[in-house]
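A.B. asks: Sharing a model prediction with you, sequence too.
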Amino acid sequence: MWMLITRMMRMICVVCVLCQLCYCEKPKNIKLPELQPKLVLHGYIGTGDPFQVAIGKTTLNEGIIADDSTLLIKNAIVILYENGVMKDTLDFNSSNKRYESNILATAGMTYRVTAQAPGFTMVEASATAPSFVPTNSVVRVRSARFDNLGNPQDDITFSFTDPPAEKNYYLSELNNFNYGPVPNSFCVYTYDPSVEKHQGNLDPFQNANCIGNREFIFTDRLFDGATKELTMSAGSNDLQNATVGNRIYRPYLKKYTISPEFFQYINDAITLDALKDNPFSQPYTIPGNVKNGYGLFTVYSAVVDTLR
């Protein structure tokens, strides 16, 4: 008898809960705040090169990635300043979708660019052109070591003299010849503690510690004002010559001196890429140096050395 009463009471409780769920009113016509689009400015200028910047806009992500051409702003007013003095108004080039100037970036100068367009808040960004830091020497040792699968790796050792009494930031790339519009990607490795690593404290020559061949970034924190010798290793097969017709294309090392904003931008981008498959990572927008908008405006210097 008590078992029957208990079952009936349980059924009554279930029915009551279901009734409450059925009669719950869902809120209707909830209107989210409208997204206010902002300007996006990107400009990466080498010393000695003319200024070019791209101007776009943000858009609401509705699950479909918009084509870049639909985000371009073609009627902006873009003004370039050098050491606080207005130098030029950039013209839009419809062929490469950039705003251009004939002004050349000069080391030691501070540049500011402003951009405004109808319906948007004006944005601006500043960058100081870094000093040119030449390479003293580059030495390639073929098959200097082997990875855990027995594949040969070449050591590329380069040296340079760091300017004293200033904080300097560097980016180095190893590149080889390719036919397509996207450069080839492969891994490089190093033991050097100056180089930023984003893969933990494992053996730096393990696959889990791959550094992208265009993501080799470091600062002068450990060698300020000194002559620095740094070694990176890459698969011998990734550094082969390529022959096209009568021309031989050799792999090369490209070393950049970059701004702290550019360094941080690359650092954040690498970190985000490493976390992209982590379900516990938090949404994050890479901060640039564009006020009231998004993007990065920077000036760098670069030197290229062919590997033989």
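C.D. replies: In hand now; what should we look at?
A.B. asks: Do you have the strands of the stretch 101-250 of the chain handy? List them.
C.D. replies: Secondary structure of the stretch 101-250 of the chain, counting by DSSP state E, counting those that start in this stretch: strands at 110-116, 123-128, 135-146, 152-161, 169-175, 187-189, 211-212, 216-219, 227-235, 242-244, 247-249.
A.B. asks: list the helices and strands the shortest one packs on?
C.D. replies: Meaning strand 211-212. strand 187-189 (3 or more C-beta pairs under 8 Å, 6 or more residues apart in numbering; DSSP states H and E). Where you see a C-beta, it was placed from the backbone N, CA and C, and this is true even at glycine.
A.B. asks: Give me the mean pLDDT for the strand it packs on.
C.D. replies: The average pLDDT for strand 187-189 rounds to 92.
A.B. asks: Report all helices and strands that it contacts.
C.D. replies: strand 211-212, strand 227-235.
A.B. asks: Would you map the helices across the stretch 201-308 of the chain?
C.D. replies: 260-275 (DSSP state H, counting those that start in this stretch).
A.B. asks: what residues go with each domain of the chain?
C.D. replies: For the chain, automatic domain parsing gives the domain ranges 39-60+69-128, 135-258.
A.B. asks: Mean pLDDT, mean neighbour count and distance to Ala76 added to the helices and strands packed on strand 187-189, as JSON lines?
C.D. replies: Converted to JSON lines, the helices and strands packed on strand 187-189 look like this (pLDDT from 0 to 100; neighbours: other C-beta atoms under 10 Å; distance: least, C-beta to C-beta, whole Å):
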{"stretch": "strand 211-212", "mean pLDDT": "90", "mean neighbour count": "19", "distance to Ala76": "33"}
{"stretch": "strand 227-235", "mean pLDDT": "96", "mean neighbour count": "18", "distance to Ala76": "40"}
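A.B. asks: nearest to Asn246, of those strands?
C.D. replies: With C-beta to C-beta as the measure, strand 227-235 is the member of those nearest Asn246 (27.1 Å).
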